[in-house]
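S.K.: What shape does this take:
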Amino acid sequence: MKLKIIFFGTVYFFVSALSCLHAQPQNTPATQRAIKLGIPTLDELAGVWMPGATVVNPPSLHNCHNMLIADKDLTSYFFNPGGWLYNLAAYADAAEPCIWKRGHPALKLLIDGLEYPSEELKQGNYRVLRRNEHCNGLSIETDTRLIHEKRGILIQVKCTNTNLVEKRFTLTMKVPGSLQPDGIGVANEFQRKGVITVVRPTLPPARTDIDAYIVVLWSWDIMLKPNETYTIGFVAGDEDTRAMSTDGFIQGDINNEKGHYIDSCVTRWAKGFDAVFEDCQYQWESRWADAFTVGNTHYSGHAPVLVTSDLALRRNYYMGIFTLLSVERSQFPLYPMSFITNGERDDGTQFYGDLAVLPTLWSLLEPKGMKATLKRWLVQNLRNGAWLDIRQTSGYDGKHYDRVYGYAFNACLFFKTADTYLRVTRDTNFLDERLEDGSTVFQHLRMIATDWETLPKNKMGLTDFGGNECLLECDPNYTHYVASMNAQVIWMLRKMAGWLRYKNDPSTAEKMEARATALVPVVMQLYKEGDGVWYSYDKDGNKVEIRHCMDYVFAGDALVDDLSKKQRSEMNNFVRSELITRDWMRAMSLRDSAAAFTSRADHGTQGSYDVWLPLVMRTMWQLGDADPAFQFYRNISVVTREGSFTQAHEFYGATRNRIDAPVRISEDRGNMRETSGGGTYAEVVIQTFFGFDPEIAYSRIIADPAVSRPFKGILRNIHYGKKEITLEASERGIGIMR
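M.R.: The predicted model follows:
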């Protein structure tokens, strides 16, 4: 007799969004769509089995509404959002560990009374796999999935007898909560105020016991022949019993019949488990294929299809797009297809910096959603804040601040994003559209480009862009008069001059260009000749050397045509010799004076924010090192064996300071799993390697078509000017096929 019990992990539902799922009929396998499109399937794109002892930030799942992070055992997990960290102070204190808010009962699997860890974990895109092949004569493998757009979780457990003789064992599931009147179901309403969790097995257990009045233990006695496998599982769901307003904010407590509704859904889901389990894969594969399909019914655009025999290039490109799709959310009123920063933060949190770095990809994939988002971004206060709550469709801070209090890079990020949208989509009517504050988009671009004028200046004419918290919060030396933002002022003035000419105002355009030209020598005062790095001045006028990728990226990008050949070479040499390692890079050089005080993986010496790498590659390419930039891109593909791109990867072990230091996804003080910034790994391919960067006047599509490419490939179905164009890269440069 084969025993099959099915598990639905704890799910957290808003009452207004909860409904019972009907599986999508699979008339045409979604995997076949990927194959026909010429893109990798999700199984091809999956990670590999990683040793549990090495993994510090376990695999995760997304379902266009929510996120799950697997725990280091075989069945439990963290479900987000639902808070971030218990110990928020620990986020800024390296001596204190971060404590994740579990938010859900920790459902534990026991074999003959013992709990076993995951010896290996694997990121599978639409699923997370965990296994331990040494569970007292059994091999246990679990497959965890999320129901599409529901906060529902499925875990399928496979037990295989690895002995040469029959194996009898007892499988037990520990379920925190109170036993229900039927003697089987478990309800948990004490762990989270206002939320009730209902858990049920799909087959009655052989025994039900109570441990310390708050934990129910279900047990099954199973006999397996050698190499025989049984599938085991459970079903659970939960619901918010608090009232909610129309904008999604919780208003207060209400009586919701103690989980009657969620219990009925759990029962229905359990009965149709096989179809629902397969539907998780179907929905993700369909979404994946939609992203590359011209005229698909989900996105308002589509991403280009990359065809190349270079496996590292192919993997990084498609992994970048998958990472972005992971943080797609469809439940927010701003726009049905919106991208949040990451799944761990509170619902609807969208940091500008993590999306503004992939404007070309965003413009091609979801132009309507991007436009709706830009309408909200452009009215926000440049000098205050760093993110948007996309649960809100109106409102902005209209106060004038005499200095920067928020994120200093808001100005150039807003400008770059809007500028790219206009050039890629050719939706220039957007320039004249009036936003919530009554100003047009064109007026906002002009205000952004000149916002620096009323900020404090030093005697050399440099602009003060705020303290450490406004620029690079973990680097105590990176403050006030920095090269990066002062250089970006020059870039914005020049770009704005182009839009002024487009609007038939050449006189004002010339004045802006003259101002930009006058600022070049002011900013170049900060360059350290011979070293390829930049200085900053603190608020007291002290000159501080900065050996960080931030200035390389932002000053190099802005001043590419102002730097001498020697200076370009020096800057590239700095990156190659002090930042780039075999498989990754350091955001900060080990030679930086703040190295001993900055241990964070994303911006310090022990790793890098994932976004920094493609931005560095773009600047390397612009400064004349196309071949090294492309090889750098290829080398880092090894990190995707662990899964998608994330907030940061870190070096670890005794050799962490060497060029061959091993790399892993960081969890250092709360580093996130998938973040929207991962899309930059596709952005750099489209905009830089293939050079798709249209001019304002649309006279030029490719930035550097004659430059020899260190790879061969075709980028197909780039939507531009009401047509799909194809770009071909080779040693001869870029050819355009319409």
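S.K.: okay but Asp143 is in contact with Arg131, surely?
M.R.: No: if you go by Cβ atoms under 8 Å, Asp143 and Arg131 don't touch, sitting 9.7 Å apart. Heads up, the C-betas are built off the backbone N, CA and C, glycines and all.
S.K.: got the contact list for the spatially most distant residue from the centre of the chain?
M.R.: For the chain, the residue at maximal distance from the C-alpha centroid (Cα atoms, centre = their mean) is Val165, at 47.5 Å. Val165 is in contact with Pro226, counting by Cβ atoms under 8 Å, 6 or more residues apart in numbering.
S.K.: Now do the SS call for it.
M.R.: Three-state call for Val165 (DSSP: H, G, I helix; E, B strand; the rest coil): coil.
S.K.: Got the confidence number for it?
M.R.: In this model, Val165 is scored at 97, pLDDT.
S.K.: for it, phi and psi?
M.R.: phi -130, psi 170 (degrees, to the nearest 10).
S.K.: Okay, it and Glu228: tell me how far apart.
M.R.: 12 Å (Cβ to Cβ, to the nearest Å).
S.K.: if you skip the residues just before and after it, what's nearest to Lys225?
M.R.: Glu166 (5.6 Å; Cβ to Cβ, 6 or more residues apart in numbering).
S.K.: who touches the one you found in this structure?
M.R.: Met223, Leu224, Lys225, Pro226.
S.K.: Sketch out the low-pLDDT regions of the protein for me.
M.R.: Within the chain, the ranges that satisfy pLDDT under 70 run 1-28, 81-104, 243-258.
S.K.: Okay, domains of it per the record?
M.R.: As recorded under automatic domain parsing, the domains making up the chain are 7-16+64-285, 301-391+401-737.
S.K.: Figure out the length between the terminal residues of the last one.
M.R.: Across domain 301-391+401-737, the terminal residues are separated by 20 Å (Cα to Cα, to the nearest Å).
S.K.: oh, and call the first residue 383 from now on, that's how I've got it
M.R.: Happy to do that; since the first residue is 383 now, the last one works out to domain 683-773+783-1119.
S.K.: all helices of the stretch 683-832 of the chain, in order?
M.R.: Applying DSSP state H, counting those that start in this stretch to the stretch 683-832 of the chain gives helices spanning 693-708, 734-737, 741-747, 749-759, 792-807, 823-832.
S.K.: For Lys750, which non-adjacent residue is spatially closest?
M.R.: Spatial nearest neighbour of Lys750, excluding adjacent residues (Cβ to Cβ, 6+ apart): Ser682 at 3.8 Å.
S.K.: Hmm, Lys753 and the one you found touching each other?
M.R.: No: the criterion here is Cβ under 8 Å, and Ser682 misses it with Lys753 at 9.0 Å.
S.K.: sorry, back to before: save the helices of the stretch 683-832 of the chain as a markdown table, and put in distance to Asp846 and mean neighbour count too.
M.R.: Listed next are those as a markdown table, based on distance: least, Cβ to Cβ, whole Å; neighbours: other Cβ atoms under 10 Å:
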| stretch | distance to Asp846 | mean neighbour count |
| --- | --- | --- |
| helix 693-708 | 34 | 24 |
| helix 734-737 | 20 | 23 |
| helix 741-747 | 27 | 25 |
| helix 749-759 | 24 | 20 |
| helix 792-807 | 13 | 23 |
| helix 823-832 | 16 | 20 |
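S.K.: what's the closest of those to Phe1033?
M.R.: Nearest of these to Phe1033, taken as Cβ to Cβ: helix 693-708 at 19.5 Å.
S.K.: elements contacting that closest one?
M.R.: Helices and strands touching helix 693-708, by 3 or more Cβ pairs under 8 Å, 6 or more residues apart in numbering; DSSP states H and E, are helix 424-427, helix 655-672, strand 687-689, helix 741-747, helix 1008-1017, helix 1062-1066.
S.K.: got the buried residues for the second one?
M.R.: By 16 or more other Cβ atoms under 10 Å, the buried positions in helix 655-672 come out as 655, 657-659, 661-672.
S.K.: Can you tell me which of the residues you listed is closest to Asp591?
M.R.: Checking the buried residues of helix 655-672 against Asp591 with Cβ to Cβ, the nearest one is Phe655 at 25.1 Å.
S.K.: Distance check, that closest one against Pro586.
M.R.: 16 Å.
S.K.: ok, the nearest residue to Leu706 once chain neighbours are set aside - contacts?
M.R.: In space, and not counting its chain neighbours, Leu706 is closest to Gly1061: 3.6 Å by Cβ to Cβ, 6+ apart. With contact taken as Cβ under 8 Å, 6+ apart, Gly1061 is in contact with Gly702, Ile703, Thr705, Leu706, Val739, Leu740, Leu743, Trp744.
S.K.: make it 7 Å
M.R.: Gly702, Ile703, Thr705, Leu706, Leu740, Leu743 (Cβ atoms under 7 Å, 6 or more residues apart in numbering).
S.K.: quick revisit: kindly reformat the helices of the stretch 683-832 of the chain as a markdown table containing distance to Pro487.
M.R.: Formatted as a markdown table, these follow (distance: least, Cβ to Cβ, whole Å):
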| stretch | distance to Pro487 |
| --- | --- |
| helix 693-708 | 25 |
| helix 734-737 | 32 |
| helix 741-747 | 38 |
| helix 749-759 | 36 |
| helix 792-807 | 41 |
| helix 823-832 | 48 |
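S.K.: does the closest residue in space to Leu1005 that isn't next to it in sequence count as helix, strand or coil?
M.R.: Spatial nearest neighbour of Leu1005, excluding adjacent residues (Cβ to Cβ, 6+ apart): Arg950 at 4.2 Å. Under three-state DSSP, Arg950 falls in the helix class.
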